[in-house]
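> Generate coordinates for the sequence data below:
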Amino acid sequence: MPLALDDKWIWDSWYAHDGQRWHGYFLQADKSLGDPDLRHFNVSQGHAVSDDLKTWEHKGTCLRPAPKPAWDDTTTWTGSVIQGPDGVWHLFYTGGGSAENGLYQRIGHATSRDMHSWERVGSGLCLDMEGPNAAHYEAEHAVGHWHDRAMRDPFVMKDPDGDGWLMYFTARAPGIAEANAGGAIGFATSPDLYEWTLQPPVFAGDYGQLEVPQVFRIGSRYYCLFCTADEHWSEGRKAQAGTPPVTGNHYLTADDPRGPWTVAPGFLDGDLPCYRYAARVLETAQGWVIMGFADGGRDSFGGYVMDPVPLKVDDDGLLYIAPADRGK
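Got it, this is the predicted structure:
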């Protein structure tokens with residue numbers, strides 16, 4: 001059974017394993033809105049648990065926008081959950097505020113002992129486009145060039161080469177004439193999950209936005225999953241890809257989590273209209289799987305997270321989904 005609710009649309013999701021069960025977190029909005037395009041600014045975060053990523057027990061809403069006025073009083077969008085060395089669980093999430101009509105995104109931080117009742121750390125704000133490395137980003141809203149000031153979808157992982165922590169997020173690079181060539185994977189580092197330092201992006205180019213990044217390692221290679229839309233492919237990417245633009249999930253590859261990162265050939269998991277978006281890759285006892293929400297476009301929006309399907313790696317280290325597993 002998919003991760004679904006009768007009265008709410010579900011879209012972007014992220015996952016954590018507590019040693020016994022999977023915890024799924026997701027964006028949700030009431031179907032009573034009527035138009036699924038309205039969901040983004042009528043959003044809260046939901047929580048469910050599962051033994052197998054297929055049968056889900058819903059726990060209800062676990063985070064919602066803060067009372068006004070606050071930097072995140074309009075949206076609490078996509079994030080990631082990770083456990084610290086002291087057993088405390090950390091939620092990093094995207095926030096937007098009414099003072100800027102939700103168009104400036106920042107990264108928030110909340111903690112929990114039970115993985116459901118989240119408390120913001122201070123105001124919740126833990127990372128913004130500030131400091132000397134902000135010059136490497138489109139730190140102000142480039143009105144007329146792009147639709148927002150992008151700083152969202154944080155993904156946090158342990159630094160495999162040290163004692164600290166790494167954060168990746170959706171961003172944009174400055175000064176690029178072609179809007180669809182300015183997408184970036186932003187980067188930040190922390191010694192303790194509480195204090196974060198903005199670093200230069202680890203990747204920029206090829207797409208207008210690389211949403212919902214997730215970094216993972218299979219064997220000796222690192223992969224950065226992301227999602228994007230057909231209308232956000234750059235002219236250069238269209239020429240190089242060898243496939244027509246589609247909407248869905250693709251990835252970068254690298255030998256080190258700090259890069260350099262390279263766009264993989266082709267496109268991993270895309271369709272028109274989009275079939276699966278904002279995918280996540282998880283390692284299970286049965287192997288690697290990929291799961292994302294059913295899209296279908298505005299006129300036939302799915303609004304639920306589909307069951308996982310196997311993700312495989314070929315002899316050249318490239319990811320693929322077998323045709324029999326695509327579920328279409």
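> from here on, contacts and neighbour counts on C-alpha atoms
Noted.
> For Gly144, the count of nearby residues, please.
Using other C-alpha atoms under 10 Å, Gly144 has 8 neighbouring residues.
> my guess is it is in a helix, correct?
No - counting by DSSP: H, G, I helix; E, B strand; the rest coil, Gly144 is not part of a helix but coil.
> how close does it get to Ala179?
As judged by C-alpha to C-alpha, to the nearest Å, Gly144 and Ala179 stand 10 Å apart.
> do the same with Trp71
27 Å.
> Would you list the phi and psi of Asp73?
Torsion angles at Asp73 (phi, psi; degrees, to the nearest 10) stand at phi -90, psi 0.
> any idea of the pLDDT on it?
You'll see Asp73 listed with a pLDDT of 98.
> Quick check, it in contact with Leu63.
No - with contact defined as C-alpha atoms under 8 Å, Asp73 does not count as touching Leu63 (11.5 Å).
> Looking at those two, which is more packed in?
Leu63 (23 against 18).
> Now that one. Nearest residue, chain neighbours left out?
Leaving aside its sequence neighbours, Leu63 sits nearest to Gln45 (C-alpha to C-alpha, 6 or more residues apart in numbering; 5.1 Å).
> State the three-state secondary structure for the one you found.
Classified using three-state DSSP, Gln45 is strand.
> count of residues packed around it?
Count around Gln45 with other C-alpha under 10 Å applied: 24.
> got the phi/psi numbers for Gly97?
Dihedral pair for Gly97: phi -120, psi 160, per degrees, to the nearest 10.
> can you check Pro36 too?
phi -60, psi -20.
> gap between it and Leu210?
22 Å.
> Looking at those two, which one has more neighbours?
Legend: neighbour count by other C-alpha under 10 Å for Pro36 and Leu210, higher for Leu210 (29 against 20).
> Tell me who's in contact with the more buried one.
Taking C-alpha atoms under 8 Å, 6 or more residues apart in numbering, we find Leu210 in contact with Thr170, Ala171, Gly183, Ala184, Ile185, Phe226, Cys227, Thr228.
> pretty sure Val43 is in contact with Thr76, am I right?
Yes - with contacts counted by C-alpha under 8 Å, Val43 reaches Thr76, the gap being 6.8 Å.
> Now list whatever residues contact both of those two.
Joint contacts of Val43 and Thr76 (C-alpha under 8 Å, 6+ apart) are Arg64, Pro65.
> Those two: which is more packed in?
Taking other C-alpha under 10 Å, Val43 and Thr76 do not tie; Thr76 has more neighbours (28 against 21).
> Give me the neighbour count for the closest residue to that one other than its chain neighbours.
Nearest residue to Thr76, sequence neighbours excluded (C-alpha to C-alpha, 6+ apart): Gly95, at 4.8 Å. As a burial measure, Gly95 scores 31 neighbours (other C-alpha under 10 Å).
> Report the contact partners of the closest residue to Pro67 other than its chain neighbours.
Counting by C-alpha to C-alpha, 6+ apart, Asp73 is the residue found nearest to Pro67 once chain neighbours are left out, at 5.7 Å. By C-alpha under 8 Å, 6+ apart, the contact set of Asp73 is Pro65, Ala66, Pro67, Gly95, Gly96, Gly97, Ser98.
> Over to the fifth one: give its phi and psi.
The phi and psi torsions at Gly96 (degrees, to the nearest 10) take the values phi -140, psi 150.
> Just the pLDDT for it.
So Gly96 comes in at 98 (pLDDT).
> Could you look up the SS state of Arg237?
helix.
> and the gap between Trp196 and Cys126?
Per C-alpha to C-alpha, Trp196 is found 7 Å from Cys126.
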